[in-house]
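*Asks:* any chance you can model this:
(one chain, ligands or ions: 1)
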Amino acid sequence: MDAETAHDVTLSSLERLKALGMLPPAQPLPGRAVSALGLRFPNPVGLAAGLDKNAAHLDALASFGFGFIEVGTVTPRPQPGNPRPRLFRLPEHRALINRLGFNNLGLTSFIENVQRSTWVRERRGVLGLNIGKNADTPIEHAEDDYLTCLTGVYPWADYVTINISSPNTQGLRDLQHEAALRRLLHRLKDTQQGLAARMHRHVPLVLKIAPDLSDQQIDDIARTVLEVGIEGVIATNTTLDRQAVAGHARAEERGGLSGAPLLARSNHVIRVLRAALGPDTTIIGVGGVLEGEDAVSKLQAGADLVQIYSGLIYRGPALVADAVRATRSA
Ligand SMILES: Cc1cc2nc3c(=O)[nH]c(=O)nc-3n(C[C@H](O)[C@H](O)[C@H](O)COP(=O)(O)O)c2cc1C
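*Replies:* Numbers count the residues shown, from 1 in each chain. Just a heads-up that it's a prediction; the model follows:
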């Protein structure tokens, strides 16, 4: 079956099981609780963005036992994403390549879905909402899309992720460069402070970065994050690098590579970030967690929390339990 069709079928089967009352309770597995971003995470294992782009399956996914769930990336307006096929499995490498391109139903539908979730209403775990820009918004107006999304999701989020690291939206990763990044983050910070004052509730901002950065670029990003007072960084998104899968029939598909081949690179980014950020900024480590021990390796590299996407495709929900168990004593 085509990988994206399999993805859709799995999520609708999960919904059917939920309707039949056949899923475990939608609550975090007991694990090592973590205080970060001014929030209490019941365990340090989260769902990474992109698996549930429309926040349509929160309660079903919460039954896997995550301590936190991040949904999105959402853009202001609905958009179809790139033509299919656009998601590929490389099972020999326990990896995926995707060039989905932020296919999603837009901000209004996203917020309606979040509001419908029992897991969210009862505050059982921590909810991250991940925001981006529409493909047809010129890059010089990207800030407007991020501000629209931030304002829309703010009342419903425990934290908001600013995703400037997808390789599948033209020009997006350029927002990681110094002057553009400083401008974008300052404007988002101002808006966050305005919203916090108006709503009497501070929602932290987290920046999601690519793995394809030099140590110098990571240092520059860290400096800007500290200067602006962004509360956390997610490292990392998918990679454009294909060295680890060279020779595979699918290796040259355009898009971002995720899964096992990403582990070492994203752990390196975490280490460089932690050295540059010092102890106070939260780091969420993501990329290549396929075993409980991989989650531990991210904490050892300096992350406070971890997220999983591709590992779930190859290991299923048992991976969440493995990672929660392994990180209990880490
Ligand atoms: C099919 C697919 C879609 C993704 N979509 C998004 C997205 O919309 N927003 C985002 O921030 N990251 C997205 N990601 C990146 C993941 O959140 C994660 O950073 C990356 O896959 C590395 O983790 P992994 O090796 O556990 O998959 C996506 C990844 C995959 C495989």
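
*Asks:* if I pick Ser109, what's in contact with it?
*Replies:* Asn54, Pro78 (C-beta atoms under 8 Å, 6 or more residues apart in numbering). For glycine as for every other residue, the C-beta is placed from the backbone atoms N, C-alpha and C.

*Asks:* near the ligand, which residues of the stretch 101-250 of the chain are found?
*Replies:* Within the stretch 101-250 of the chain, the positions adjacent to the ligand are Phe102, Asn130, Asn163, Ser166, Lys208, Asn237, Thr238 by C-beta under 6 Å from any ligand atom.

*Asks:* how about JSON lines for those residues, with pLDDT, neighbour count and secondary structure added?
*Replies:* Output for those, formatted as JSON lines (pLDDT from 0 to 100; neighbours: other C-beta atoms under 10 Å; DSSP: H, G, I helix; E, B strand; the rest coil):
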{"residue": "Phe102", "pLDDT": "97", "neighbour count": "23", "secondary structure": "coil"}
{"residue": "Asn130", "pLDDT": "98", "neighbour count": "25", "secondary structure": "strand"}
{"residue": "Asn163", "pLDDT": "96", "neighbour count": "28", "secondary structure": "strand"}
{"residue": "Ser166", "pLDDT": "91", "neighbour count": "24", "secondary structure": "coil"}
{"residue": "Lys208", "pLDDT": "98", "neighbour count": "28", "secondary structure": "strand"}
{"residue": "Asn237", "pLDDT": "98", "neighbour count": "27", "secondary structure": "coil"}
{"residue": "Thr238", "pLDDT": "98", "neighbour count": "29", "secondary structure": "coil"}
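
*Asks:* for the residues you listed, work out which two are farthest apart.
*Replies:* The span of these, defined through C-beta to C-beta, is set by Asn130 and Thr238 at 13.8 Å.

*Asks:* for the stretch 101-250 of the chain, which segments are assigned as helices?
*Replies:* Remark: helices assigned in the stretch 101-250 of the chain by DSSP state H, counting those that start in this stretch are 107-116, 118-121, 142-153, 178-199, 215-228.
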